[in-house]
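Asker: Need coordinates for the below:
(one chain, ligands or ions: 2)
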Amino acid sequence: MSLRQNFLIILVFFGMVLSGLIYLNSNQTRCNQQIIEQVFIEPKWKLKNFGLRSSPGIFYNQPSALVGRTDVASVTSWLAPIIWEGTFDATLIDIIYKQQNLTIATTVFALGKYTRFLKEFLESAEQHYFVGFRVHYYLFTDLPEEVPEVKMGENHSLTVRKVPSLNRWQDISMGRMEILEKLTENELANEADYIFCLDVDTKFYGRWGVETLGHLVGVIHPWFFNVPRFIFTYEHRRESQAYIPAGEGDYYYTGAAFGGSLNDVHKLTRTCREQMNIDAANSIEAIWHEESHLNKYLFYNKPSKLLSPEYLWRDISMCVGQVKIIRFSHVAKNNAEVRPNL
Ligand SMILES: CC(=O)N[C@H]1[C@@H](OP(=O)(O)OP(=O)(O)OC[C@H]2O[C@@H](n3ccc(=O)[nH]c3=O)[C@H](O)[C@@H]2O)O[C@H](CO)[C@H](O)[C@@H]1O
Ligand SMILES: [Mn+2]
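Answerer: Numbers count the residues shown, from 1 in each chain. Ligands and ions are numbered 1, 2, ... in the order given. Model (predicted):
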């Protein structure tokens, strides 16, 4: 082998070693970058997980593995609890959740003549809704001057936000999704742990407390808890994004009350808003507006907790055997008189 050949072989060898080192080094840099990214990404939503801690010296009835409600289902087929009177111990559950120092944001919209419902809604909420826990109501209205003075209980506060008036009640009802999407993404992300979004033409008559908290919470509609699913008023036109095929579906959920963690409610409201925008671009409006989109969402994203119709009844004057206590109910209203359009 000539000197020149030897030199070439040595050169090729060094070349290989050098490119190997460069490859390793670039790979290491990539790994480092990944690790750095992981370390610096901040969780966007408040995530508390204290478990369900109890305290010594609390006395309550023995929980039973055998005895419970037999006239209603208290768990879904995907193992989410369905909350009825008799399925929880209010004293125990309050003690457990007291330790978590929670804030529950609650939104309510009152535009146009619906401001007349505010007084009873807020006054009754102050008697029954998360009493003893931190609650921050966000009230959206086009008429802030008509918001009544209601004395807030300890750790309860109210923020009023002005929103533009709209001519169609359907747009007011559907428009809530976009406002909630923004609220849950921006300012509330680090302020509250859970959120509930409630209709205003309602009144509280009984306890609504921490038994309702969960990642994604749907309320079974008071007209449809005891009927086969072909009766559910889902959107059945394929052209709408809210479409659910005939013969499918779990429960029919009300649009008048839903909630969960900030993260989950943000995803829900964002999806419903996006789907409603697509429908609008295709000149179609789902049969029950955002309620149809909510039902589609909760069909494919199963709620982690369901509230029985005790948590949204039709009208206090009607009764049904399984509903042992009416906690929250729609009030009777004359739609033609209160809505801006038919
Ligand atoms: C029992 C139930 O499931 N109720 C739902 C149902 O009828 P509802 O008859 O309960 O609808 P609604 O008239 O109460 O409107 C929904 C909400 O929009 C707000 N609003 C509406 C009109 C107005 O002029 N000003 C105003 O502030 C207000 O917060 C009201 O509670 O269908 C609606 C959409 O189709 C919503 O899904 C409701 O939650
Ligand atoms: Mn309503």
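Asker: What segments of the chain are helices?
Answerer: Taking DSSP state H as the criterion, the chain carries its helices at 3-40, 90-98, 118-128, 169-185, 262-281, 289-300, 335-338.
Asker: Is stretch 111-124 positioned near ligand 1?
Answerer: Yes. Judged by CB under 6 Å from any ligand atom, stretch 111-124 comes into contact with ligand 1 through 111-112, 114. In this view, the C-beta of every residue, glycine as well, is placed from N, C-alpha and C.
Asker: Tell me the residues of the stretch 151-300 of the chain that contact ligand 1?
Answerer: With CB under 6 Å from any ligand atom as the criterion, the stretch 151-300 of the chain meets ligand 1 at residues 169, 172-173, 199-201, 221, 254-256, 288-291.
Asker: hang on, the earlier thing: out of the helices of the chain, which gets the lowest mean score?
Answerer: Least confident of the helices of the chain, judged by mean pLDDT, is helix 3-40 with a mean of 45.
Asker: Around ligand 2, pick out the residues from this structure.
Answerer: Counting by CB under 5 Å from the ion, the chain comes close to ligand 2 at 199, 201, 256.
Asker: Output the residue of this structure whose distance to ligand 2 is smallest.
Answerer: For the chain and ligand 2, the shortest gap (CB to the ion) falls at D199, measuring 3.7 Å.
Asker: Now that residue. Its backbone dihedrals?
Answerer: Main-chain torsions, D199, degrees, to the nearest 10: phi -70, psi 150.
Asker: That one: how many residues sit nearby?
Answerer: Applying other CB atoms under 10 Å, we find 21 residues neighbouring D199.
Asker: Over to A65?
Answerer: By other CB under 10 Å, the residues close to A65 number 5.
Asker: Excluding chain neighbours, give the residue nearest to the spatially most central residue of the chain in space.
Answerer: The geometric centre of the chain, computed from its C-alpha atoms, lies nearest to G259 (CA atoms, centre = their mean), at 2.7 Å. Counting by CB to CB, 6 or more residues apart in numbering, G259 lies nearest to F196, which is 3.6 Å off, once chain neighbours are set aside.
Asker: Please give me every residue in contact with V131.
Answerer: Applying CB atoms under 8 Å, 6 or more residues apart in numbering to V131 gives the contacts 153, 207, 209.
Asker: Correction: the previous question concerned M177.
Answerer: Counting by CB under 8 Å, 6+ apart, M177 makes contact with 269, 272-273, 276, 290, 293.
Asker: what's the span of stretch 79-92, first residue to last?
Answerer: Start to finish, the residues bounding stretch 79-92 are 22 Å apart (CA to CA, to the nearest Å).
Asker: Just give me the neighbour total for the residue nearest to G259.
Answerer: By other CB under 10 Å, 25 other residues sit near F196.
Asker: Can you name the residue of the protein nearest ligand 1?
Answerer: At 2.4 Å from ligand 1, G255 is the closest residue in the chain, using CB to the nearest ligand atom.
Asker: isn't that residue right up against S173?
Answerer: Yes. The pair G255 / S173 is scored as a contact, 7.3 Å apart, by CB atoms under 8 Å.
Asker: Mutual contacts of these two, please.
Answerer: Common contact partners of G255 and S173 (CB under 8 Å, 6+ apart): 289-290.
Asker: between the two, who's got more neighbours?
Answerer: Set G255 next to S173 and count neighbours by other CB under 10 Å: G255 wins out with 23 against 20.
Asker: Including neighbour count, could the contacts of M177 go into CSV?
Answerer: Below are these laid out as CSV (neighbours: other CB atoms under 10 Å):
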residue, neighbour count
T269, 27
C272, 28
R273, 20
M276, 24
E290, 24
H293, 27
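Asker: Give me the neighbour count for A246.
Answerer: Applying other CB under 10 Å, we find 9 residues neighbouring A246.
Asker: ignore the last one, E181
Answerer: By other CB under 10 Å, 20 other residues sit near E181.
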